[in-house]
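Peer 1: Attaching a predicted model along with its sequence, questions to come.
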Amino acid sequence: MADEELGYPVEIIPDSDSVFMRAHRNHVRDGEFGPGVFRAHAGGMSVDWDKYSSADATRERGKQSRENYAVIQMGVRGIRAIKGLDVKHSPEANNRAHSNVDLPEGREDVTEVRLHLGRLAEIVIPLKS
């Protein structure tokens, strides 16, 4: 399937790939990020597929100054191993790497999913003090 306006095809993301995600400094304490970093924004939890992005590029796409963001990386296989989660490529006009992770609706499910995602995530660009 391709979005004709963008010119980017929607692709299947292999389990062996990874995704990057910005973590705003409000969600990072003492070098550790809190579970609140894993939340949906209009259509899912926004991530960048490593096939078309880098940690630095993901950081640069933030709306605020790059110093306000750490970048975390998660393996797609690990995300998909969490009950009910999938990673879907959803390119945007200015970001071919853009993808979404759908999060569950129920409050208890979200808490459990956030804990699992926290165990998967690795900080690849830490915040500078």
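Peer 2: Structure received.

Peer 1: Now for the residue nearest the centre of the chain: which residues touch it?
Peer 2: What sits nearest the mean C-alpha location of the chain, by CA atoms, centre = their mean, is Val47, with 2.8 Å. With contact set as CB atoms under 8 Å, 6 or more residues apart in numbering, Val47 has these partners: 19-21, 74, 87, 98-101. The C-beta positions use only the backbone N, C-alpha and C, and glycine is treated the same way.

Peer 1: Find the nearest non-adjacent residue to it, please.
Peer 2: Nearest non-adjacent residue to Val47, counting by CB to CB, 6 or more residues apart in numbering: Val19, 3.9 Å away.

Peer 1: which other residues reach the host helix or strand of that neighbour?
Peer 2: Secondary structure assignment for Val19, by DSSP states H and E: strand 18-24. If you take CB under 8 Å, 6+ apart as the criterion, strand 18-24 is touched by 13, 33, 37, 45-50, 53-55, 58-59, 61-62, 64, 68-76, 79, 87, 99, 101, 121, 123-124.

Peer 1: how about the closest residue to Tyr52 other than its chain neighbours, phi and psi?
Peer 2: Distance criterion CB to CB, 6+ apart; nearest residue to Tyr52, sequence neighbours excluded, is Ala97 at 3.7 Å. Torsion angles at Ala97 (phi, psi; degrees, to the nearest 10) stand at phi -80, psi -10.

Peer 1: Ala97: how many residues sit nearby?
Peer 2: 21 (other CB atoms under 10 Å).
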